[in-house]
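> The amino acid sequence is not available; the structure is as follows:
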């Protein structure tokens, strides 16, 4: 396959960025997009050009490290996958693939396609946990949890923290990310003790980090590699309102 | 180097409780004066950091990731073992201990393995309390499934993302302690050196991967929870950034390296599709609960799977190991697959795979039930291969996975450098020569939540540690040494990328020190690795900018360590004249082609001491078995 990569290049957070075009021939449709970028980087280094920095690690869709804006979509073509799971077979021979970083005020660009998503960690830090010290737990069967509750909790807890929801949202809202954690813990009996204060703290942290408001377009859920449902945003709002007054 | 495993006296069943009764503790008001550095934020690292902080110690944590939650523990799919006996199938701590020690081909320390099983139940309790949403049955009780090498169901799971969920639990506890001000967290910092003063581990030198700044950090003890080094094989199930740098550099500062050649090849990874591929993707072992593994009986049979009649299929695991069938342990299953492929019976475009077939399970339980059990794995398979495993069998192949080897630790998880602890996959301790499925998450968690906090406090209470800070001369000289190494790499200005060298190391190890090994190949590999190392320092090419993000430079540092570790791996394989677990020397096999141990001469752990010049020195920790009888491992 022949592909032209149109890639956002930016030296560091302070510099101005721009698109650069790179043509590649003889690519296999079975290659992942990242494997094509690896090859391109090898060629760039040979030419004395700085390679393209992009986030990636597990390359199997679970670590949440990768996140590219590919042809105008978070994580590119295909439904509910991460950027590392995009294969060249999704494109046509001769295509131009435009690749940008995830763009949001709360995700400053570090270099090229790498962004700083530590704002998401600070939302968790504000209350996205159950306060239990090692040694305190009762027997795991002391409290039963219905399979439905456990499944709903797991649906929400599946969030990998990639930030595609934020990048996709026209308001750069982190409502799906934050809602998923609030909802995960609210579905479990163990999460009830702090359930009154958690939503307020986490929503405040989300606002303080500069994420926008949610206007329910559902774009976030459509882009989510883990298929996190917007029911979790509704759950967040319910928990927030129930405990706010 | 002196190897003292410091195993507590007394019967196996009371060793750990006796240790806990007698170990030294520190008054809660005084703990704050002690500072511990933890490197790595996977399950072991996050767990030990949170637990030490809960106790009141000062903790400083380092990870090269941009968030602690990215650590590769997230990728473990199938489950975590615990001897809860919730299934009423006569599971006990002793049975779990025996399965683990037998699974490891009797090359692990009895006392450690027993403790792993003993602490397993409390881990499930703790994870549930943290909000880990394990699978539940209709009555609201926890569900279990079975894993390779055992005949009971003791594996707890959360769909195919058990590692991710346990990691969320540990990460959240870590962040909670950060929010309380008990943990100072440094993301995007890679440890590049250990600082040892008066024979004690006293700190680390790191590089800020975003700015290139080299920083010094002092403490009273250092914990490495930096994972395994299976990525040295290049094509492995590990994440792209997994590396051996922290443990290798600690090794060069005096920490003994145990059993480096014991690497597990996971039987259910996706096969290699082409030279361009950057990694192997794992399909959980849990699939073997319902999937049947087979190849065509006739070598070179090119028909699609559905056109090969039952009578012309060889369900070779069910045939060779009738009592364990498709759930035979990983070393045996991987080796059996390799044999089929070597005989020309491999399937798939590169004839390097075997089938994992769900047809019978779908007929028996229905597609919906199979989807419920493994839905995310089937969709992952489809995303990568473009194939639908509900309609046709999956294709799988063995690939490099877990390091049973690692830094040698005593019963207290301390390395041969006092004050330096190694937890989780970074140490060698519990799995012997082959790890059982779902014991990896368990070991990382048990080391981190229960053992580390106890033994580290014992060390801090007893050790005489002088006050030094990061301005100390030892830190600045180590820093200079690290800067010089970086400059050296950048100034080679050759023609070859670090990735190319990495690929060459991997290929060499796969072919000559992989699923099976022999003397001739190993000797040849050692020579080739030496010349590869020479070529690396003559011909490496890197982008020169090291005061900004430079992934190629990060990689080059890791590859420089791999080049040295690879030689130790080969040397280790060469000096062990027996087969055990994952270490299969072709010269030592039974008539049936199984691993032939030599308990008379090799019932020891090989521990290598680094020498600044010349050959590393081999030390031996002899294993004595008091509770179990050494037997020829049989799964027939």
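That came through, no problem. What you see is a predicted model, and the numbers here were worked out from it, not measured in a lab. Residues are numbered from 1 along each chain as shown, chains lettered A, B, ... in the order given.

> Just the element for residue B:185, please.
Using DSSP states H and E, residue B:185 sits within strand B:183-186.

> and what of residue A:161?
Residue A:161 belongs to no helix or strand, assigned by DSSP H and E.

> so who does the residue nearest to residue B:67 when sequence neighbours are not counted touch?
Excluding its sequence neighbours, the residue lying closest to residue B:67 (CB to CB, 6 or more residues apart in numbering or on different chains) is residue A:121, at 5.1 Å. Quick note: C-beta positions are derived from backbone N, CA and C, even for glycine. Neighbour list for residue A:121: B:67-69, B:175 [criterion: CB atoms under 8 Å, 6 or more residues apart in numbering or on different chains].

> Buried ones among the residues you listed?
The neighbour count (16 or more other CB atoms under 10 Å in any protein chain shown) marks B:67-69, B:175 as buried among these.

> And the pLDDT for residue B:567?
pLDDT recorded at residue B:567 is 98.

> That one contacts residue B:528, doesn't it?
No. If you go by CB atoms under 8 Å, residue B:567 and residue B:528 don't touch, sitting 10.1 Å apart.

> what kind of secondary structure is residue B:14 in?
Three-state call for residue B:14 (DSSP: H, G, I helix; E, B strand; the rest coil): helix.

> do you know how far it is from residue B:410?
Residue B:14 is 19 Å from residue B:410, where distance means CB to CB, to the nearest Å.

> Now the residue in the stretch 151-300 of chain B that chain A sits nearest to: closest residue in space that isn't a chain neighbour?
Nearest to chain A, among the residues of the stretch 151-300 of chain B, is residue B:172, at 3.6 Å (CB to the nearest CB). Of all residues not flanking residue B:172 in the chain, residue A:129 sits nearest, at 3.6 Å (CB to CB, 6+ apart).

> sec struct for the one you found, please.
Under three-state DSSP, residue A:129 comes out as coil.

> Spit out the contact partners of residue 32.
Because you didn't say which chain, this covers chain A. Applying CB under 8 Å, 6+ apart, we find residue A:32 in contact with A:59, A:84-88, B:278.

> Not quite, go with chain B.
Taking CB under 8 Å, 6+ apart, one finds B:56-58 in contact with residue B:32.

> With pLDDT added, can I get those residues in JSON lines?
JSON lines is the format used below for the contacts of residue B:32 (pLDDT from 0 to 100):
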{"residue": "B:56", "pLDDT": "98"}
{"residue": "B:57", "pLDDT": "98"}
{"residue": "B:58", "pLDDT": "98"}
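
> ok, back up a step: which of residue B:567 and residue B:528 has more neighbours?
Neighbour totals were compared for residue B:567 and residue B:528, and residue B:567 leads with 19 against 16 (other CB atoms under 10 Å in any protein chain shown).

> buried ones in the host helix or strand of the more buried one?
According to DSSP H and E, residue B:567 maps onto helix B:551-575. Using 16+ other CB under 10 Å as the test for burial, helix B:551-575 gives B:551-574.

> Show me the residue at the heart of chain A, geometrically.
Computing the C-alpha centroid of chain A and ranking residues by CA atoms, centre = their mean puts residue A:162 first, at 2.0 Å.

> Please name the nearest non-neighbouring residue to that one.
Excluding its sequence neighbours, the residue lying closest to residue A:162 (CB to CB, 6+ apart) is residue A:64, at 4.2 Å.

> and what of residue A:24?
Residue A:24's closest residue in space is residue A:3 (CB to CB, 6+ apart), at 5.4 Å.

> For that neighbour, the count of nearby residues, please.
Neighbours of residue A:3 using other CB under 10 Å come to 21.

> In contact with it, which residues?
Contact analysis of residue A:3 by CB under 8 Å, 6+ apart lists A:23-24, A:27, A:36, A:88, A:91, A:94-97.

> measure it to chain B for me?
13 Å (CB to the nearest CB, to the nearest Å).

> now do residue A:50
5 Å.

> tell me, how many neighbours does that residue end up with?
Residue A:50, neighbours per other CB under 10 Å, totals 19.

> Is it in contact with residue A:41, as I believe?
No. Applying CB under 8 Å as the test, residue A:50 and residue A:41 come out as separate, 9.3 Å apart.

> Provide a list of residues in contact with residue B:116.
B:97, B:100, B:430, B:439, B:442-443, B:446.

> in what helix or strand does it lie?
Judged by DSSP H and E, residue B:116 forms part of helix B:110-130.

> from the chain's centre, how far out does that helix sit?
18 Å (CA atoms, centre = their mean, to the nearest Å).

> Please name every helix or strand in contact with the first helix or strand past it going along the chain.
Later in the chain than helix B:110-130, the nearest helix or strand by DSSP H and E is strand B:155-156. Using 3 or more CB pairs under 8 Å, 6 or more residues apart in numbering or on different chains; DSSP states H and E, the elements in contact with strand B:155-156 are strand B:80-81.

> tell me the mean pLDDT for the strand it packs on?
Mean predicted lDDT for strand B:80-81 stands at 98.

> Tell me the strands beside it, with direction?
Take DSSP bridges as the rule and strand B:80-81 pairs in its sheet with strand B:155-156 (antiparallel).

> Report the distance from the strand it pairs with to the chain centre.
19 Å.

> Low-confidence bits of chain B, can you list those?
Of all residues in chain B, none has pLDDT under 70.

> Based on its surroundings, how many neighbours for the residue in it positioned nearest to chain A?
Nearest to chain A in chain B, going by CB to the nearest CB, is residue B:140, at a distance of 3.0 Å. Using other CB under 10 Å, residue B:140 has 16 other residues around it.

> For it, which non-adjacent residue is spatially closest?
Leaving aside its sequence neighbours, residue B:140 sits nearest to residue A:144 (CB to CB, 6+ apart; 3.0 Å).

> Tell me if I'm right that the one you found and residue B:138 touch.
No. Residue A:144 lies out of contact with residue B:138 (CB under 8 Å); the separation is 10.4 Å.
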